[in-house]
Structures are given as C-alpha cells and as structure tokens.
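Trainee: okay, sequence plus prediction incoming.
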Amino acid sequence: MVDKPEDTDAEGIPQLKFKKTRMGRDSILSISLKNEGQVPATVRFDALTHECFTFLGNLSHTITPKSYQSFDIRFTPNKAQNETFLLTFTTLNNPYEQHKVMILGEGYSESVTFEGLPDDELQIGDCIVGKQKSQSF
C-alpha cells in the first residue's frame, strides 16, 4: 500500500510531486509503503530509467508486518521543463500486487540581470590576491 503521495491523477494513479527545482540543484522526496499483512512482504521497484530522476537505495526490500518502509527519489533537472516518469513496483510472489506512482518534477533556470551599471558594465579593475575589493552600483 502506498502511504504517500496523497495526490492522484484522473486515472487514480498516485502522484509524487517535486517542488520547482532550479537546474544544477536537486530535491529529494520519499514514497512510504506499509505492510498491512501478517507476513513479511518483499517489494520490488522496476528500474527508474529517467535521466532526471534517481532511485536512492535498493530496488527491493522486505517489509515486516505492520511496519513502514520509505524509499527516496531524487529529482535533478537538466532542462527548464516539466518531467514525468511512471514508476512501477510489485509485491513479489503476488501477481495482483502491482502498483504505479507518477513522478512529476519541474526544472527551471534563473537569469540574473543587473540594471544601473555605469556604462552598462561592471568594472572592478586590478585585484590583489587575498585582499577584498568592492564596487558599488
């Protein structure tokens, strides 16, 4: 059973939504599973084959009865765009226990613009190593 995420899409597939993440940075979210049964259950995730999403840790884990296990996913955007991946996992020895989670992330880039520079450029001049120099604009 998927304990998180709470959001689902129109087909009822749970969604793991990353916050907007700047290119060059990363975000980590967890999926928590609970074994509600009376015997240990082994969950096996299919390989995460998306260049922006990384599954951290082992792809399979045995969860003891009445306990939770969290699995971390990292989002590292390489473009300023929306990214999606359908992650699937199964409970071993139970063909009826196949689950899906839609992973969503949005990468963005940030442009920095300085206005009011004299002659439209910042001129710092010569600098001495180990000595601080400042310029106001």
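Mentor: Done, it's in.
Trainee: what is the subsequent helix or strand relative to the helix or strand encompassing residue 89?
Mentor: Counting by DSSP states H and E, the secondary-structure element that holds residue 89 is strand 82-91. Scanning the chain past strand 82-91 towards its C-terminal end, the next helix or strand to appear is strand 98-108 (assignment: DSSP H and E).
Trainee: which strands and helices sit next to that next one?
Mentor: The elements that strand 98-108 packs onto, with contact taken as 3 or more C-beta pairs under 8 Å, 6 or more residues apart in numbering; DSSP states H and E, are strand 15-17, strand 21-22, strand 67-75, strand 82-91. Bear in mind the C-beta positions are built from the backbone N, C-alpha and C, glycine included.
Trainee: what sits closest to residue 31 if chain neighbours are left out?
Mentor: residue 71 (4.9 Å; C-beta to C-beta, 6 or more residues apart in numbering).
Trainee: give the contact list for the one you found.
Mentor: Contact partners of residue 71, counting by C-beta atoms under 8 Å, 6 or more residues apart in numbering, are 30-33, 45, 55-57, 61.
Trainee: just to revisit the earlier point, for residue 136, find the nearest of the helices and strands packed on strand 98-108.
Mentor: The minimum distance between residue 136 and those falls on strand 21-22, with 27.8 Å, by C-beta to C-beta.
Trainee: related to what we said a few turns ago, strands - which of the contacts of residue 71 land there?
Mentor: Restricting these to those inside strands, with DSSP state E as the criterion, leaves 30-33, 45, 55-56, 61.
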